[in-house]
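# Whatever this is, show me its structure:
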Amino acid sequence: MADANKPKNLLPVTCAVCSESQNTMHGGFDTDGLPAGTVNCMVCGHVFQRDEYLRGLETRRQDFARMTGPRAE
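Predicted coordinates:
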């Protein structure tokens, strides 16, 4: 069963403790499509504070927005 609130642009957030970008999300998603419960680092177990996670998510979205694909020659 698909989660209707699951966003299409949810990106992994870099952990401030170990620098990995592998997250687990517990508790589903809220109406804004953001994690409703806790977000943890899969590598070291760090639990993201909500504001920390949202700042990291915005940074990742900006990073991805700046990426470009191969250019036609």
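
# all helices in this protein, in order from the N-terminus.
50-66 (DSSP state H).

# quick one: low-confidence ranges for it?
Across the chain, the ranges flagged by pLDDT under 70 are 1-8.

# What ranges does it have for its strands?
Remark: strands assigned in the chain by DSSP state E are 23-25, 39-41.

# got the buried residues for stretch 27-40?
29, 34-35, 39-40 (16 or more other Cβ atoms under 10 Å). All C-beta spots, glycine's among them, are computed from the backbone N, C-alpha and C.

# Could you export those as a markdown table, including distance to residue 18?
Output for the buried residues of stretch 27-40, formatted as a markdown table (distance: Cβ to Cβ, whole Å):
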| residue | distance to residue 18 |
| --- | --- |
| 29 | 25 |
| 34 | 23 |
| 35 | 19 |
| 39 | 14 |
| 40 | 12 |
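
# Which one of the residues you listed is nearest to residue 21?
Each of these was scored against residue 21 by Cβ to Cβ, and residue 39 proved nearest at 11.8 Å.

# So what pairs up with the closest one in the strands?
residue 25 (DSSP bridges).

# wait, doesn't it sit right on residue 49?
No: look at residue 39 against residue 49 with Cβ atoms under 8 Å: they stay out of range, at 9.2 Å.

# Same list (the strands of the chain) but as CSV, adding distance to residue 68.
Below are those laid out as CSV (distance: least, Cβ to Cβ, whole Å):
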stretch, distance to residue 68
strand 23-25, 25
strand 39-41, 29
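
# So which of those is nearest residue 61?
Among the strands of the chain, the nearest to residue 61 by Cβ to Cβ is strand 23-25 (14.2 Å).

# In the closest one, which residues are buried?
In strand 23-25, counting by 16+ other Cβ under 10 Å, buried: 23, 25.

# Report all helices and strands that it contacts.
Judged by 3 or more Cβ pairs under 8 Å, 6 or more residues apart in numbering; DSSP states H and E, the packing partners of strand 23-25 are strand 39-41.
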